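Asks: Quick check, what structure comes out for this input:
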Amino acid sequence: MTENTGESAAKSKRIRLQLAMERAPLPVWAKYAATLMIQAVVAALLYWMTPIFPLGALPMPYILETMAIAYIFGAGPALLALTLNLFVLWYFFMTPEYGIDLSGDKYAWAKLMAFLLGSMLVVCATILMRKGQRRLAALARGLDSERAKLQAVFSNMAEGVLIFDPVGKLIDANPAALNMHGHKTFEDMRKTWEESEDIFKVSYLNGDPMPSSDWPIRRLLRGETFSDTEARLRRLDTGQEMVISYSGAPILDEAGKILLAALTSRDVTEQKQAEQRERVLEAHKLDFYRRTILAAPRGKLIVTEREEIAKIAGKPLATWDLRKPEGLRLVRQDAMQMAQSLGLASEDKYGFLACIGESTGNAFKHAGSGTASLHKMKDSLIFVVVDNGPGIEAISIPDVALTEGYTTTGTLGMGYKLMITSADRVYLATDSEGTTVAVELKLNRDEAALRV
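Replies: All right, here's what the predicted structure looks like:
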């Protein structure tokens, strides 16, 4: 959307002149007065030229004059000019010497009518042409206005926009795209993108090199549509590094062939740096809480990862979907029957029921659904509940483990403290994608070892 400054200024000047003429048209009386003056000048000139060249006896001068008046002043003045031209032709020039002899030529009236009809057709055609040109001019002004608006939006967008032709040649880019990729001018950027494989080192966010076939522009030219594709770029010539989020869609013709390829870019470098700092801080915080919690409740609560819980639990003996509140009671009944058949001591029955009730209730209350499963280890049972809720904030984990009656929803109850008390070990994995809780109870143990 870049254009020559001189051409743009000249075009703007022409548009302003046309607008001024349309906003301040000539008064009607001035148009008719001008027509009379032009008619008098033309008639005098033709009459003066008659001895040299009898042009006034020919229809062409009158037709041309009438056409010019119709184009400049419109239909009314043109009809006046046509009438006066007929009078001038008849009175001054239709003589036996120069004009049409009506008495001696039986086709004289036909010739005169042909001249009249021809002049009227020329006038009508000229008026229609004038109106068409005005419509085209108005349409052109409207297009120029819309183009100027689009140019303003294009130039001031916060997101970068890059336009490519079907073979991948960069044909336009807005200032945001230039700044984002470390360029000062469009020509500099165009040249750099033609040599992109020698200028840019492109990788995935994890640092693995991104093959050129997966670069956003390559995918775009293959006809793919995508959004929020993130890439890490490093300019080999300047050392500048950035993380850019790309979205793109090809512009197709009716036959489905690519006309243009539009690629938008958003600089997310600072956002990714902030997220990395947050992850590091969260990891340090979580490690501190893990060490604190491991020491406080005698090691019974273990904060870990989902994968570690799945590895410890092994294959499930049974699985239940937690979708309806009335289904929670069925889960408790089935799990308890299976646990007793596997050797769960009767003294542990109520503690196991409490763990099942708390873990399944939390999943349904916080996430609306989840899954539960029962697993058997060598000498213990593990009951696992997984949900996709908002998770427990790291800062709340010490309260979950150590504060009796604490709950993340603000309602009173024994919660995790009850599970920690009833079970031999509780595993907890939680983040923004959900929570996994696993409670472990020993099988076939003496009553003296019921509580640690």
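Asks: Figure out the helix or strand that the closest residue to residue 129 other than its chain neighbours lives in.
Replies: Closest residue to residue 129 apart from its sequence neighbours, by C-beta to C-beta, 6 or more residues apart in numbering: residue 71 at 7.3 Å. Bear in mind the C-beta positions are built from the backbone N, C-alpha and C, glycine included. If you go by DSSP states H and E, residue 71 is part of helix 60-73.
Asks: mind listing the strands for the stretch 101-250 of the chain?
Replies: 160-164, 170-173, 200-203, 226-235, 241-252 (DSSP state E, counting those that start in this stretch).
Asks: helices and strands around the second one, which ones?
Replies: If I follow you right, that is strand 170-173. Other elements packing on strand 170-173 under the criterion 3 or more C-beta pairs under 8 Å, 6 or more residues apart in numbering; DSSP states H and E are strand 160-164, helix 186-194.
Asks: Alpha carbons only: can I get that strand in PDB?
Replies: The C-alpha trace of strand 170-173 is given here as PDB (Å, rounded to 0.1, in the frame of the first residue of the first chain):
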ATOM      1  CA  LEU A 170       7.000  -9.900  -0.500                       C
ATOM      2  CA  ILE A 171       5.000  -7.100  -2.000                       C
ATOM      3  CA  ASP A 172       3.800  -5.100   1.000                       C
ATOM      4  CA  ALA A 173       4.300  -4.800   4.800                       C
END
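Asks: For it, buried residues please.
Replies: For strand 170-173, burial by neighbour count (16 or more other C-beta atoms under 10 Å) applies to 170, 172-173.
Asks: Residue 389 is nearest to which of the helices and strands packed on strand 170-173?
Replies: Nearest to residue 389, of all the helices and strands packed on strand 170-173, is strand 160-164, at 37.0 Å by C-beta to C-beta.
Asks: Quick one: low-confidence residue ranges for the stretch 301-450 of the chain.
Replies: For the stretch 301-450 of the chain, the stretches with pLDDT under 70 are 393-415, 445-450.
Asks: what ranges do the strands span in it?
Replies: Taking DSSP E, counting those that start in this stretch, the strands of the stretch 301-450 of the chain run over residues 301-303, 318-322, 370-376, 380-387, 425-431, 434-442.
Asks: Let me have the ones you listed in CSV, extended by distance to residue 273 and mean neighbour count.
Replies: Below are those laid out as CSV (distance: least, C-beta to C-beta, whole Å; neighbours: other C-beta atoms under 10 Å):
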stretch, distance to residue 273, mean neighbour count
strand 301-303, 27, 21
strand 318-322, 39, 15
strand 370-376, 35, 21
strand 380-387, 31, 23
strand 425-431, 20, 21
strand 434-442, 26, 23
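Asks: pretty sure residue 377 is in contact with residue 317, am I right?
Replies: No - in this structure residue 377 lies outside contact range of residue 317 using C-beta atoms under 8 Å: 11.0 Å.
Asks: Okay, angle between the longest helix along the chain and strand 160-164 too, please.
Replies: In the chain, assigned by DSSP state H, the helix with the most residues is helix 108-156. Counting by axes from the mean of the first three to the mean of the last three C-alpha atoms, to 10 degrees, helix 108-156 lies at 130 degrees to strand 160-164.
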